[in-house]
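Q: Need coordinates for the following:
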Amino acid sequence: MKLFLLSLCFSLSIFTVGSQPVYDIIIRHGIIYDGSGNRPFRGDVAILGDSIAAIGDFPKAKAKQYIDATNLAVAPGYINMLSWANGSLIQDGRSLSDIRQGVTLEVMGEGRSMGPVNEEIKRKIEFGFKEYNVHVKWSTLGGYLNYLEQKGVACNVASYIGATSVREFVIGEDDRQPTTVELDSMKALVRQAMLEGALGVGSSLIYPPAFFASTEELIALSKVAGEYGGGYISHIRSEGNNIYEALEELIQIGKEAEVHAEIYHLKTAGRDNWQKMDSVIRRITLA
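A: The predicted model follows:
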């Protein structure tokens, strides 16, 4: 079945025929997947401005444009929760590779984010994305997101503040714990990012220098995110032999920081660890 995608806010109110407004677009006769998990149903979707005004069956309603979605699925846009389109969107904001798969929201920030940046981090970003001819013209995460918006991108974008980026900004790549003053600076960077719209703190603890961070450091940063309703999301320290310990760390961070905690990609790596998945899921359910 082909997909007809809507990257608009779904209003689940059902339209009742009375006085008929004139809509901008009516998508007729589609098979509607409303995102609730309920069974799909055939119906019409009326759009007014940039919002869905009504969902239901209203053959007499008027619109400036009609789209026949017979035998097509109509659904909200999909979310790429672990996007690395950071550089490619700068080169080509159309986001065609994901848009054509139905993805309308790119969520970035797995450990590293596009801000904050100092001169050293700026140099690394430009080198890492040299094939995209990226020139860093921002200094904060909010600055990067604004840069994308001003440049023009087809998709919606959001980002976590990378725990690795914060650590590198203040400490560099040293294998040591931050001083009290340094930790305060790191927390201030998280606070700034949250005020600029970050979703929370994202870590990727399987890579250096991210795995130099202690659990206590991550709790401290996540507490700041929690002040603004943000959460903690992580590529946990181990997905193999030590997955249980890594999972307990994530649960501890979430509880002590009083934030919701998520795992970026839940898997058990290595044949000897495959049988652990059931118990991992049970532990998450009980957390």
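
Q: Can you show me the helices along the stretch 151-287 of the chain?
A: 163-170, 180-195, 215-226, 243-257, 277-286 (DSSP state H, counting those that start in this stretch).

Q: Contacts made by the fourth one with the rest, please.
A: Yep, that's helix 243-257 we're talking about. The contact list for helix 243-257 (C-beta atoms under 8 Å, 6 or more residues apart in numbering) reads 205, 215, 218-219, 222-223, 225-226, 231-232, 234, 236-239, 259-261, 263, 268, 273, 276, 279-280, 283-284, 287. Where C-beta positions appear, they are placed from N, C-alpha and C, glycine not excepted.

Q: Then the second one?
A: Surrounding helix 180-195, the residues in contact under the criterion C-beta under 8 Å, 6+ apart are 113, 115-116, 140-142, 161, 166-167, 169-171, 178, 198, 200-201, 217, 220-221, 224-225, 227-228, 230.

Q: roughly how far apart are Glu126 and Tyr147?
A: Going from Glu126 to Tyr147 by C-beta to C-beta, to the nearest Å gives 14 Å.

Q: now do Glu248
A: Distance of Glu248 to Tyr147, computed by C-beta to C-beta: 39 Å.

Q: Now do the closest residue in space to Ile233 that isn't next to it in sequence against Thr164, distance only.
A: Nearest residue to Ile233 in three dimensions, chain neighbours excluded: Glu262, at 4.3 Å (C-beta to C-beta, 6 or more residues apart in numbering). Noted for Glu262: a distance of 17 Å to Thr164, by C-beta to C-beta.

Q: again with Val190
A: Taking C-beta to C-beta, one finds Val190 at 12 Å from Thr164.

Q: Grab the nearest non-local neighbour of Ala261.
A: Gly254 (3.0 Å).

Q: scratch that, Gly77
A: Among residues not flanking Gly77 along the chain, Thr104 sits closest, at 2.8 Å (C-beta to C-beta, 6+ apart).

Q: List the contacts of Trp138.
A: Shown in contact with Trp138 (C-beta under 8 Å, 6+ apart): Met114, Gly115, Val117, Tyr144, Asn146, Tyr147.

Q: Now do the phi/psi pair for the fifth one.
A: The main-chain torsion angles of Asn146 are listed as degrees, to the nearest 10 and equal phi -70, psi -40.

Q: nearest residue to it other than its sequence neighbours?
A: Nearest residue to Asn146, sequence neighbours excluded (C-beta to C-beta, 6+ apart): Trp138, at 7.4 Å.

Q: Is Ala54 in a helix, a strand, or coil?
A: At Ala54 the chain is in strand, as set by DSSP: H, G, I helix; E, B strand; the rest coil.

Q: count of neighbours near it?
A: For Ala54, the neighbour count with other C-beta atoms under 10 Å is 21.

Q: Strand partners (parallel or antiparallel) of the lengthiest strand in the chain?
A: The single longest strand within the chain, with elements called by DSSP state E, is strand 22-32. Using DSSP bridges, the strands paired with strand 22-32 are strand 41-48 (antiparallel), strand 62-68 (parallel), strand 72-76 (parallel).

Q: would you turn the ones you listed into TSV with mean pLDDT?
A: Shown next, in TSV, are these (pLDDT from 0 to 100):
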stretch	mean pLDDT
strand 41-48	96
strand 62-68	96
strand 72-76	92
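
Q: As a markdown table, the ones you listed with distance to Phe211 and mean neighbour count would be great.
A: As requested, the strands paired with strand 22-32 are exported to a markdown table (distance: least, C-beta to C-beta, whole Å; neighbours: other C-beta atoms under 10 Å):
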| stretch | distance to Phe211 | mean neighbour count |
| --- | --- | --- |
| strand 41-48 | 47 | 20 |
| strand 62-68 | 50 | 13 |
| strand 72-76 | 36 | 19 |
